[in-house]
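K.L.:
Got a predicted structure plus its sequence, pasted below:
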Amino acid sequence: MTQVITEQINMEALKKAIDDVFYNQIDSTILYYLQSCVNCKACEAACPFTPTSLKYSPVNKAEVARQLYRYRFTVWGRTIGRAIGGSKKYLKLDEVETMVDYVWHCTNCGACMFVCPMGIDSGALIDLLRQVAFKAGLVPSIYKEIEQLEVSGKYWEVKAFRDAWEGLISKMKSQLGKDIPLDKKSSEVLFYASIYEALVYPDVLVKVAKILDTLKVDWTFMSKPLGIRPPLALILGDKEGAAEVMKRILDYFTEMSPKYVMLTSGGFEYPALRYMMHEIFEIKPKYEVVHVTELLAKWYEMKRFTIESTDELITWHDPCQLGRRGGVFEAPRVLMRALSKNFKELPSHGVNSICCSRGGGGCGLPTMIEDMAKLIGITIDEKSKKFLDSTIVPLINAGKLKVDEINKVKASEVLTGCPVCIESISFAVNYYHANTQVKHIVDLLADRIKKV
Ligand code: SF4
Ligand code: SF4
């Protein structure tokens with residue numbers, strides 16, 4: 001798989017990337033992660049990629065970072081470590097291939113951190129390696145092309161994207177039977193969405209608009225999206241590109257100045273736009289970035305509406321970036337308990353929820369990337385195609401864990417709050433012929449909410 005990416009590697013560029021990116025970012029937190037592993041391997045079972053191979057265990061993937069660290073900073077690394085290969089100043093070609101392979105087998109889901117007795121975030125160490133890979137030009141070309149389109153701002157010149165967005169706005173208007181507010185300043189809710197969401201679940205977005213209208217909320221939508229799925233650069237390890245995109249988003253949010261910015265996606269956008277963006281630019285926002293479940297749960301508890309309840313057996317999948325990385329667990333459960341007297345938890349849930357294998361990285365389903373490339377008009381070359389095909393195996397393996405859990409619960413519907421989780425789990429459900437449906441929670445809520 002990795003030769004697809006590393007075939008024409010520039011070793012000098014890689015050395016520079018290791019010096020500039022890796023060593024420069026070792027702060028006290030990273031230092032703790034690098035120094036504190038007791039090699040107990042407790043993290044192995046938590047990772048969605050270990051069923052594919054033990055080499056993808058969190059501690060093994062992060063070992064590449066530790067080897068680089070030891071070479072320069074520990075006595076052992078400077079002495080015996082250099083002799084027996086436990087430390088490395090840079091990496092040899094085969095080691096680079098291994099590093100790139102590891103990088104694409106981590107979604108930064110955070111599960112390893114919660115089971116580690118030392119609290120080590122291996123995902124953060126692997127993310128550092130991802131940044132090294134990006135700086136050295138070791139990114140699958142299909143991902144890079146889509147990401148650059150977003151960073152450059154030229155995504156709006158893609159006719160298919162404009163059509164999807166304008167089609168979505170028309171659909172909202174026709175369903176509501178009136179014009180919808182666009183780019184309105186100082187509203188209670190700025191309803192935020194990306195092109196990706198307009199493409200994969202326009203009906204969910206229309207239903208959100210209907211809920212806002214039913215509840216007579218002072219809301220606004222965006223006349224133009226702020227990216228394809230911004231900040232895509234973040235999951236490719238392009239820190240500078242991510243900052244550029246986040247600045248655009250920040251400027252728009254600041255100009256609109258709503259009380260809430262509400263997202264329907266609980267993927268990597270959630271922690272990025274809620275926490276990271278404001279930390280990078282050292283801004284204390286006047287608005288609050290929330291997931292749709294947070295706002296609806298809050299309004300439900302304030303008795304702004306009621307929810308018609310049923311006996312249907314339903315379950316909830318916690319998206320990693322909304323839950324583990326974002327801290328949102330209770331709000332969706334308030335809504336789930338209101339939706340059905342028969343809400344059951346999956347065996348692994350909350351901080352221990354098994355990742356769908358795509359959410360915080362991995363860049364979505366191969367078929368989704370292929371569809372996106374077609375819309376943009378990019379031809380996927382043979383190497384990129386091979387790379388995309390190779391990402392299916394982990395999806396099948398991680399999906400089996402999730403499907404086994406769904407089967408144990410016997411839920412007729414799995415609800416969640418992230419478009420990639422919906423796609424990934426639906427893929428596994430279809431692959432293993434499981435008898436359930438995977439939906440965004442808004443899908444069910446929209447028809448059951450009644451204004452008080
Ligand atoms: S669980 Fe923590 S301490 Fe144990 S091997 Fe994994 S990273 Fe190291
Ligand atoms: S962050 Fe998630 S995917 Fe990455 S190593 Fe840890 S458990 Fe595995």
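P.N.:
Here it is on my side, so go on. Numbering: from 1, shown residues only. Ligands and ions are numbered 1, 2, ... in the order given.

K.L.:
wait, what's in contact with Leu296?
P.N.:
With contacts defined as Cβ atoms under 8 Å, 6 or more residues apart in numbering, Leu296 is in contact with Ile211, Ala331, Leu335, Leu445, Ile449. Just so you know, the C-beta spots here come from the backbone N, C-alpha and C atoms, and that holds for glycine as well.

K.L.:
Let me know the secondary structure of the second one.
P.N.:
When you say that, I think you mean Ala331. Taking DSSP: H, G, I helix; E, B strand; the rest coil as the rule, one finds Ala331 in the helix state.

K.L.:
How many residues are close by it?
P.N.:
A count of nearby residues for Ala331, using other Cβ atoms under 10 Å, gives 21.

K.L.:
swap in Cys40?
P.N.:
So Cys40, with other Cβ under 10 Å, has 12 neighbours.

K.L.:
I'd like the distance between it and Ile120.
P.N.:
10 Å (Cβ to Cβ, to the nearest Å).

K.L.:
cool, Gly267 as well?
P.N.:
For Gly267, the distance to Ile120 - Cβ to Cβ - is 24 Å.

K.L.:
quick one, which of the two is more surrounded?
P.N.:
Legend: neighbour count by other Cβ under 10 Å for Gly267 and Ile120, higher for Gly267 (31 against 23).

K.L.:
May I have the phi/psi pair for the closest residue to the more buried one other than its chain neighbours?
P.N.:
Residue nearest to Gly267 in three dimensions, not counting chain neighbours: Cys418, with 4.7 Å by Cβ to Cβ, 6 or more residues apart in numbering. The phi/psi pair for Cys418 (degrees, to the nearest 10) reads phi -150, psi 130.

K.L.:
again with Val414
P.N.:
phi -110, psi 120.

K.L.:
So what's the gap between stretch 235-254 and the chain middle?
P.N.:
For stretch 235-254, the distance from its own C-alpha centre to the chain's C-alpha centre is 15 Å (Cα atoms, centre = their mean, to the nearest Å).

K.L.:
no no, stretch 275-294
P.N.:
16 Å.

K.L.:
Over to stretch 413-422?
P.N.:
Worked out by Cα atoms, centre = their mean, stretch 413-422 lies 12 Å from the chain centre.

K.L.:
correct me, but the residue nearest to Gly267 touches Leu263?
P.N.:
No - if you go by Cβ atoms under 8 Å, Cys418 and Leu263 don't touch, sitting 9.7 Å apart.

K.L.:
ok, these two, which is more surrounded?
P.N.:
The neighbour count for Cys418 versus Leu263, taken as other Cβ under 10 Å, is higher for Cys418 (30 against 26).

K.L.:
now do the same end-to-end measure for stretch 298-316.
P.N.:
The first and final residues of stretch 298-316 sit 18 Å from each other (Cα to Cα, to the nearest Å).

K.L.:
again, but for stretch 183-203
P.N.:
Start-to-end, stretch 183-203 (Cα to Cα) is 21 Å.

K.L.:
go on, stretch 407-415?
P.N.:
Stretch 407-415: ends 14 Å apart by Cα to Cα.

K.L.:
cool, and stretch 69-86?
P.N.:
10 Å.

K.L.:
Could you do stretch 215-232 as well?
P.N.:
33 Å.

K.L.:
Buried ones in it, by neighbour count?
P.N.:
215, 217, 219-222, 225-232 (16 or more other Cβ atoms under 10 Å).

K.L.:
Also stretch 283-303?
P.N.:
Buried residues in stretch 283-303 (16+ other Cβ under 10 Å): Pro285, Val289, Val290, His291, Val292, Thr293, Glu294, Leu295, Leu296, Ala297, Tyr300.

K.L.:
before we move on, what about stretch 38-53?
P.N.:
Ala42, Cys43, Glu44, Ala46, Cys47, Pro48, Phe49, Thr50, Pro51, Thr52.

K.L.:
possible to save those residues as TSV with secondary structure, distance to ligand 2 and pLDDT?
P.N.:
Putting the buried residues of stretch 38-53 into TSV (DSSP: H, G, I helix; E, B strand; the rest coil; distance: Cβ to the nearest ligand atom, whole Å; pLDDT from 0 to 100) gives the following:
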residue	secondary structure	distance to ligand 2	pLDDT
Ala42	coil	11	97
Cys43	coil	7	97
Glu44	helix	9	96
Ala46	helix	5	94
Cys47	coil	3	94
Pro48	coil	6	91
Phe49	coil	6	91
Thr50	coil	8	93
Pro51	coil	11	90
Thr52	coil	11	89
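
K.L.:
what subset of the residues you listed is also close to ligand 1?
P.N.:
When contact is defined as Cβ under 6 Å from any ligand atom, those meet ligand 1 at Ala42, Cys43.

K.L.:
mind showing which ranges of this protein have poor pLDDT?
P.N.:
1-8, 359-364 (pLDDT under 70).

K.L.:
of all the residues in it, which ones are close to ligand 2?
P.N.:
46-49, 58, 61, 106-112, 122-123, 126, 355.

K.L.:
Just the ones of the buried residues of stretch 283-303 in helices?
P.N.:
Mapping the buried residues of stretch 283-303 onto helices (DSSP state H) picks out Val292, Thr293, Glu294, Leu295, Leu296, Ala297, Tyr300.

K.L.:
Keep only those that also lie close to ligand 1.
P.N.:
Okay, of those, nothing touches ligand 1 (Cβ under 6 Å from any ligand atom).

K.L.:
Using CSV, lay out these together with distance to Phe161.
P.N.:
As requested, these are exported to CSV (distance: Cβ to Cβ, whole Å):
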residue, distance to Phe161
Val292, 23
Thr293, 27
Glu294, 28
Leu295, 27
Leu296, 28
Ala297, 32
Tyr300, 34
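
K.L.:
any idea whether Glu370 is helix, strand or coil?
P.N.:
Quick answer, by three-state DSSP: Glu370 is helix.

K.L.:
Off-centre distance for stretch 233-252?
P.N.:
Taking mean C-alpha positions (Cα atoms, centre = their mean), stretch 233-252 and its chain are 14 Å apart.

K.L.:
before we move on, what about stretch 332-347?
P.N.:
23 Å.

K.L.:
for it, how far is the first residue from the last?
P.N.:
Per Cα to Cα, the first residue of stretch 332-347 is 17 Å away from its last.

K.L.:
buried stuff in it?
P.N.:
Pro332, Arg333, Val334, Leu335, Met336, Ala338, Leu339, Ser340, Phe343, Lys344, Leu346.
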